[in-house]
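Colleague: Build me a model:
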Amino acid sequence: MSSALWITAFLLGLFGIVLIHEAGHYVAARVFGFRVLEYFAGFGPRLWSFRRGEIEYGVKALPVGGYVKIAGMNPLENDVPPGDEDRAYFAKPIWQRAVVILAGPISHFVVAMIVFAGLYATTGLGHPDNMLTGIGQITPRIAGEASPAAAAGLRPGDLIVRIGDIDLPRSDQIGEYLGERAGEPVAFAFERDGERFERTLVPAVDVIDGREVPRIGVVIGLEPVRRGIGEAVALAVGDLGRYTAESVGGIAKVFGPEGVGRMFTLLFTDEQRSEEDPASLIGISRQVGATGEAGGADAVLLVFAYVTLFIGIINLVPLPPLDGGHLALLAIERIRGRAVDLRRVIPVSAAVLVFLVTFVSAAVILDIAKPIPLP
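Modeller: From the prediction side, this is the model:
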């Protein structure tokens, strides 16, 4: 597929995630009997809608998100239908409101885990720890003689699962181990098509850049390992924990003084961007296009899972109007014993929105004027 098609698929996937996020709120609200008024894809002018029962479903003109409207949740709008006062947002127990709010961000974690587990189970791609050292190419001859690997009948794609007393060795460990054993028999264990076999190879001495280097005649590659469903799910859960911790640290860095200062420097100086700098959807899409062309669907799915998880974590930041802000208000209500007047929270919500819009706008400008170098 071309870069443009990968980008299109990625953006459609993200739009789908938004709808799943809102579906999380919607389903939880329906389960607990909240009065749901609307479920729309997009914002702005209404393009098309229909009513089923008491809820209006539809599509709006700007495909930049979606929303579920629950009666009584907007402090500036008296939208609770007469007779439904007991089904309004603030009429429900705190724990039910918390579940309804959490259901949106949690959907991101579920989707990311499904993608991680699916990749582990089908192709083996996932965390780098799941990549085993394998044979990418066989060198037929070394110093005029058949290489040890060729003589032993090794093939590209064979996995090196043991060398000496080292299980699942990394490529650097293999080089270091052989470097100390020129002319000595070395015990190897390999895996081919799920079958393990052993060979004893004597490293041959090759001259590279004037240096004598013990070699067995292979070019090292990395091979992913497909896992069973149970193991794939366990690895995916581990990935969720690992990447959540990394994302929390990344959010604090990007939106903290260091990140804001970096953004200011990039905007107003000749400083060039690096791969670690934050990017808008434009920059991320460029990277997805390049990733898709280089690595195919699996690589794009990995990026999609990371971005999905990251968005879910951002939603949990305890600032209104994010979902985490609503949870923080519920916690305050629980501690105080009375509800927070949301009209007093509006200035905070406005300030957060202004900051986010400004930050994203700056990232868009940089993605156009100073695009991040593609890998």
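Colleague: pretty sure Ser285 belongs to a helix, no?
Modeller: Yes. Ser285: assigned to a helix according to DSSP: H, G, I helix; E, B strand; the rest coil.
Colleague: I figured it was touching Ala9, is that so?
Modeller: No. The criterion here is CB atoms under 8 Å, and Ser285 misses it with Ala9 at 10.6 Å. Every C-beta, even on glycine, is put in place using the N, C-alpha and C of the backbone.
Colleague: These two: which has the busier surroundings?
Modeller: Ser285 (20 against 17; other CB atoms under 10 Å).
Colleague: Give me the distance between that one and Asp167.
Modeller: 41 Å (CB to CB, to the nearest Å).
Colleague: How about Ala146?
Modeller: Using CB to CB, Ala146 is found at 28 Å from Asp167.
Colleague: where do the strands sit along this structure?
Modeller: 36-52, 55-70, 131-138, 141-142, 145-146, 159-163, 166-167, 186-192, 195-201, 204-208, 211-215, 218-224 (DSSP state E).
Colleague: Would you mind telling me which of these is nearest Phe264?
Modeller: Closest approach to Phe264 among the strands of the chain (CB to CB): strand 55-70, 26.1 Å.
Colleague: Can you report how many residues neighbour the closest residue to Arg192 other than its chain neighbours?
Modeller: Once flanking residues are discounted, Arg192 sits nearest to Asp158: 5.0 Å by CB to CB, 6 or more residues apart in numbering. Counted with other CB under 10 Å, the neighbours of Asp158 add up to 22.
Colleague: For the nearest residue to Leu37 once chain neighbours are set aside, give me its contacts.
Modeller: Of all residues not flanking Leu37 in the chain, Lys69 sits nearest, at 4.4 Å (CB to CB, 6+ apart). Listed by CB atoms under 8 Å, 6 or more residues apart in numbering, the contact partners of Lys69 are Val36, Leu37, Glu38, Tyr39, Phe40, Asp79.
Colleague: so can I have a markdown table of those residues showing distance to Pro373 and neighbour count?
Modeller: Shown next, in a markdown table, are the contacts of Lys69 (distance: CB to CB, whole Å; neighbours: other CB atoms under 10 Å):
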| residue | distance to Pro373 | neighbour count |
| --- | --- | --- |
| Val36 | 46 | 21 |
| Leu37 | 47 | 18 |
| Glu38 | 43 | 18 |
| Tyr39 | 41 | 22 |
| Phe40 | 39 | 21 |
| Asp79 | 49 | 16 |
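Colleague: In a markdown table: those, plus pLDDT.
Modeller: Shown next, in a markdown table, are those (pLDDT from 0 to 100):
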| residue | pLDDT |
| --- | --- |
| Val36 | 96 |
| Leu37 | 96 |
| Glu38 | 96 |
| Tyr39 | 96 |
| Phe40 | 95 |
| Asp79 | 91 |
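Colleague: quick one: contacts for the most centrally placed residue in the chain?
Modeller: In the chain, the centroid-proximal residue (CA atoms, centre = their mean) is Tyr306; its distance is 0.5 Å. By CB under 8 Å, 6+ apart, Tyr306 lies in contact with Ala112, Tyr243.
Colleague: cool, the one 5 residues further on as well?
Modeller: For Ile311, the contacting residues are Ile17, His108, by CB under 8 Å, 6+ apart.
Colleague: same thing but 6 Å
Modeller: His108 (CB atoms under 6 Å, 6 or more residues apart in numbering).
Colleague: Next: Val233.
Modeller: For Val233, the contact set (CB under 6 Å, 6+ apart) comprises Ala117.
Colleague: just the one 10 residues further on next, same as before
Modeller: Contacts for Tyr243 were tallied using CB under 6 Å, 6+ apart; they are Leu309.
Colleague: what's the distance between it and Thr358?
Modeller: 27 Å.
Colleague: Quick one: neighbours of Arg338, just the number.
Modeller: For Arg338, using other CB under 10 Å, the count is 9.
Colleague: now do the one 10 residues further on
Modeller: Under the neighbour criterion other CB under 10 Å, Val348 is assigned a count of 13.
Colleague: what does the one 5 residues further on give?
Modeller: Other residues within reach of Leu353 by the criterion other CB under 10 Å amount to 13.
Colleague: For the nearest residue to it once chain neighbours are set aside, grab phi and psi.
Modeller: In space, and not counting its chain neighbours, Leu353 is closest to Pro321: 6.7 Å by CB to CB, 6+ apart. The phi/psi pair for Pro321 (degrees, to the nearest 10) reads phi -90, psi 20.
Colleague: Kindly report the same for Gln272.
Modeller: As for Gln272, its main-chain torsions (degrees, to the nearest 10) stand at phi -90, psi 150.
Colleague: contact partners of stretch 255-267?
Modeller: So stretch 255-267 is in contact with Lys253, Glu271, Ala362, Leu366, going by CB under 6 Å, 6+ apart.
Colleague: repeat that with 7 Å
Modeller: Lys253, Glu271, Arg273, Asp277, Pro278, Phe359, Ala362, Ile365, Leu366, Lys370 (CB atoms under 7 Å, 6 or more residues apart in numbering).
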